[in-house]
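> Mind looking at a prediction? Sequence and model below.
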Amino acid sequence: MECISVFDMLKIGVGPSSSHTLGPWRAAERWIKELKTANKFDKVEAISVDLYGSLSLTGKGHATDYAVMLGLSGANPETVPTADIDKTVATIKNTKTLLFNGEKPLAFSPETDIVFNRKFLPFHSNGMTFTAIINGRKSKSTFYSIGGGFVVKEERTNHKRNFEIKCTFPYPIDKGTELLQFCKNLNLPISQVVLENEKSIRSEEDIDSELQRIWDTMLECMYIGCHKEGNLPGGLNVRRRAYDMHQNLKGERPYSNPIEWIYSIRDTEVKFRQIIKWVSCFALAVNEVNASLGRVVTAPTNGSAGVIPAVLMYYLVIENHDGNFEDIKRFLLVAGEIGSIFKKGATISAAMGGCQAEIGVSSAMAAGALTELLGGTPEQVLVAAEIAMEHHLGLTCDPIGGLVQIPCIERNAMGAIKAINAAELALDTNPENVKVPLDKVVNTMWETAKDMHSKYKETSEGGLAVGVYLTDC
């Protein structure tokens, strides 16, 4: 059983895609580390990158080439100033030189040294091969971006590697039934069981600090998205809608930072229509930031990054005006655990499972987390997660122009609303009467993913991606 921490599911990075941007970025970092470990880095004479399958088909729209160049340059996606990204890439393009890991200048032309191959590698649809010329000979290393910023090599599937990653958590969880059994045996809510696992690998002070950093990033992302107008980059001329919605929703109370903003929202009108608009506004804001190479938190992916912060913000500004860090902590712990169950039992990669693997999973994560905060039992938490996913089954990934904009941004708003609805349904449900358990819907989602035609799996070769022409936009 693989250990998947909450901090594996919720990672800070740069948009627009966890699998097509953050994954290749991290792969470049890992390749550099490989070269250094093997004492080959200083001997590198030239480098090139081949992108395969979905990384190739939608790589331009997902800024995969940007991610590769930034990763090879030694930039950290968690800390790199996002305003400097375009400048860094432009310098590489104009000078035909890349400062390898910030240390070694190499001749590098993105037009010829980053190759987009339509061919799919057999192991995973998001494959990439890094090549270094050392003493006139080629040294290659292939990585796979499997969703949510996770990167693996094919040899991970062999017996020895699997043995090395066996779980060391005190309460190893692979399925929902196992999670519920631990809750029952320990007489603890889901968040506390997850916390005990996290405490086995880091201190509670570090857990709190990192969770606070994740929430701060989410909150700042919503704040930026709600206060920036104009069109998104990429050529579709998609207008940012969060700004306009926020202008119509915000109240009279002044504010100057994200924390004061929360209090100002609490003073606004909270009729049903306004609540729907606020939740949608929060979700749209995050994914508009994501679409413009902004900093977001994978939840569980960049393309679905708006659902969890929107639902958590809903709880803080609508449901509980006394909500504090302990509530935020519990929410993120539960959400992360539900996401890990989907990753272990199915996939969080749209290139493998369509958008059900992104928006569907994020909606399930948010629904379950909200249910615990609203007083639901562990059983009701999993009922909420199941309901949310059940009504995303079969959702395709068909981004127009290969950009994480249409229909991706709106889908975050819909996923957030569904999550809240699923939580309310679960709270009024006796789990003993439920016919479809969470583990069954996880399995069904994976079977659906395997049956889904490849053109609906982040290739921009089906659905809206071919039904709507770029000239229409």
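That came through, no problem.

> just the strands in this protein please.
12-14, 44-52, 97-100, 104-107, 114-117, 127-134, 137-147, 150-152, 295-297 (DSSP state E).

> Rebuild those strands as JSON lines, extending it with mean pLDDT and distance to Gly376.
C-beta: built from backbone N, CA, C; applies to glycine. Listed next are the strands of the chain as JSON lines, based on pLDDT from 0 to 100; distance: least, CB to CB, whole Å:
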{"stretch": "strand 12-14", "mean pLDDT": "94", "distance to Gly376": "28"}
{"stretch": "strand 44-52", "mean pLDDT": "97", "distance to Gly376": "43"}
{"stretch": "strand 97-100", "mean pLDDT": "97", "distance to Gly376": "51"}
{"stretch": "strand 104-107", "mean pLDDT": "96", "distance to Gly376": "54"}
{"stretch": "strand 114-117", "mean pLDDT": "96", "distance to Gly376": "47"}
{"stretch": "strand 127-134", "mean pLDDT": "97", "distance to Gly376": "41"}
{"stretch": "strand 137-147", "mean pLDDT": "95", "distance to Gly376": "28"}
{"stretch": "strand 150-152", "mean pLDDT": "92", "distance to Gly376": "29"}
{"stretch": "strand 295-297", "mean pLDDT": "97", "distance to Gly376": "24"}
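
> could those be laid out in JSON lines, adding mean neighbour count?
Conversion of these to JSON lines gives the following (neighbours: other CB atoms under 10 Å):
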{"stretch": "strand 12-14", "mean neighbour count": "25"}
{"stretch": "strand 44-52", "mean neighbour count": "20"}
{"stretch": "strand 97-100", "mean neighbour count": "19"}
{"stretch": "strand 104-107", "mean neighbour count": "13"}
{"stretch": "strand 114-117", "mean neighbour count": "16"}
{"stretch": "strand 127-134", "mean neighbour count": "21"}
{"stretch": "strand 137-147", "mean neighbour count": "19"}
{"stretch": "strand 150-152", "mean neighbour count": "21"}
{"stretch": "strand 295-297", "mean neighbour count": "25"}
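
> and the gap between Thr268 and Asn187?
40 Å (CB to CB, to the nearest Å).

> Repeat that for Thr429.
Distance of Thr429 to Asn187, computed by CB to CB: 22 Å.

> Who has more neighbours out of these two?
For Thr429 versus Asn187, neighbours defined as other CB atoms under 10 Å are more numerous around Thr429 (16 against 7).

> Now do the phi/psi pair for the more buried one.
phi -120, psi 140 (degrees, to the nearest 10).

> That one contacts Val383, doesn't it?
Yes: using CB atoms under 8 Å, Thr429 makes contact with Val383 at a distance of 5.5 Å.

> Thr168 is nearest to which of the strands of the chain?
Using CB to CB as the criterion, the shortest distance between Thr168 and these is 18.5 Å, found for strand 150-152.

> Note down every partner strand of the closest one and its orientation.
In the sheet, strand 150-152 lines up against strand 137-147 (antiparallel) (DSSP bridges).

> Contacts for the partner strand next, please.
Applying CB atoms under 8 Å, 6 or more residues apart in numbering, the contact partners of strand 137-147 are 18-20, 23-24, 26-27, 30-31, 34-35, 40, 55, 121, 123-124, 126-133, 151-154, 300-301, 343, 347-352, 357-358.

> Mind checking which of those land in helices?
23-24, 26-27, 30-31, 34-35, 55, 343, 350-352 (DSSP state H).

> Most neighbours among those residues, which one?
Result: Ala350 is most packed of those (other CB under 10 Å), 36 neighbours.

> Grab the nearest non-local neighbour of that one.
Nearest non-adjacent residue to Ala350, counting by CB to CB, 6 or more residues apart in numbering: Cys397, 3.9 Å away.

> and the one you found, what pLDDT?
As predicted, Cys397 sits at a pLDDT of 93.

> so it makes contact with Glu358?
Yes: if you go by CB under 8 Å, Cys397 and Glu358 touch, sitting 7.2 Å apart.

> Give me the common contacts of these two.
Ala350.

> Centre of the chain to the longest helix anywhere in the chain, how far?
Taking DSSP H as the criterion, the chain has its longest helix at helix 204-226. Put simply, helix 204-226 sits 15 Å off its chain's centre (CA atoms, centre = their mean, to the nearest Å).

> Show me which positions of that helix end up buried.
207, 210-211, 214-215, 217-226 (16 or more other CB atoms under 10 Å).

> now the residue nearest to Ala350: how far from His20?
11 Å.

> Could you pull out the residues contacting both of the two?
Shared contacts of Cys397 and His20 (CB under 8 Å, 6+ apart): Glu458.
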